[in-house]
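1. sharing a sequence plus its predicted fold:
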Amino acid sequence: MNRLEHLLENNKKWSAKIKAERPNFFPDLAKQQTPEYAWIGCSDSRVSASNIVGLLPGDIFVHRNVANQVIHTDLNCLSVLQFAVEALKVKHIIVCGHYGCGGVIAALEDKRHGLIDNWLRHIQDTANLYDRILAKFEDKNKKSDKLCELNVIEQVLNVGATTVVQDAWNRGQNLTVHGWIYSIKDGIISDLDVCLENEAELKILRKRFL
Ligand code: CO
């Protein structure tokens, strides 16, 4: 039986290195988590939340799914958001997509992929919504990369529209939603300039790209 010994061995080395550098790191973390950031990202193995922003365990509360979707009936994502906002009191929610996202590319293809097509349907709805923008792109890769950006923007709007975030803003809780996109080619994140801090900004952003 292959018990993935090499990964468990890596883990021991990683733990030993952190203990040597910061002896109180794990005892402090074990007491509580106090992350300032919640992250909604793609499941893609190349986009690891903490790593690409240079943070450590304990710094980011993470939810990942195919193509970083925020769907209003997804209890998994909504529960993560609720715990992050109401219990951990994160100050920032980051939706981070990435160029070359397989989920976005698959959504643009006119073929069956199986069960996941029901998930990708949401990205196709986003593509339909922004058809006027996407129609300008003839190159297939440029078009899907544009949809990767628009998909992030749409999910930022969806985060802002959740009861969790709406209630937080109504309470006067300091909470900003950010839309970022990561390039796998050079490891650089771009801010899509769609930050939301309140309901008024949500309404303006909703109209900005339509
Ligand atoms: Co992806």
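-> Perfect, I can see it now. Numbering: from 1, shown residues only.

2. could you say what helices and strands the longest helix seen in the chain packs with?
-> Looking across the chain with DSSP state H, the single longest helix is helix 140-161. For helix 140-161, the contact count by 3 or more C-beta pairs under 8 Å, 6 or more residues apart in numbering; DSSP states H and E identifies strand 92-98, helix 102-108, helix 117-129, helix 131-134, strand 176-182, helix 199-208 as packing neighbours. All C-beta atoms are positioned from the backbone trio N, CA, C, and that covers glycine.

3. what's the average pLDDT for the longest one?
-> For helix 117-129, the mean per-residue pLDDT is 97.

4. follow-up on the earlier one: now do the longest helix of the chain: distance to the chain's middle.
-> 11 Å (C-alpha atoms, centre = their mean, to the nearest Å).

5. domain assignment for this structure?
-> 1-31, 34-209 (automatic domain parsing).

6. what's the most buried one of those?
-> Among the domains of the chain, the stretch with the highest mean neighbour count (mean count of other C-beta atoms under 10 Å) is domain 34-209, at a mean of 17.

7. doesn't residue 77 fall inside a strand?
-> No - counting by DSSP: H, G, I helix; E, B strand; the rest coil, residue 77 is not part of a strand but helix.

8. that one contacts residue 63, doesn't it?
-> Yes - in this structure, residue 77 sits in contact with residue 63. The criterion is C-beta atoms under 8 Å, and the distance is 5.6 Å.

9. mind listing the shared neighbours of those two?
-> The contact sets of residue 77 and residue 63 overlap at residue 40 (C-beta atoms under 8 Å, 6 or more residues apart in numbering).

10. and stretch 107-124, anywhere near the ion?
-> No - counting by C-beta under 5 Å from the ion, the ion is not contacted by stretch 107-124; separation bottoms out at 10.3 Å.

11. where does this structure come near the ion, residue by residue?
-> Proximity of the chain to the ion is assessed by C-beta under 5 Å from the ion, with 42, 44, 101 identified as the residues in range.

12. can you lay out those as TSV showing pLDDT?
-> Conversion of those to TSV gives the following (pLDDT from 0 to 100):
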residue	pLDDT
42	98
44	95
101	97
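
13. ok, so of those residues, who is nearest residue 167?
-> Taking C-beta to C-beta as the measure, residue 167 lies nearest residue 42 of the residues of the chain next to the ion, at 26.9 Å.
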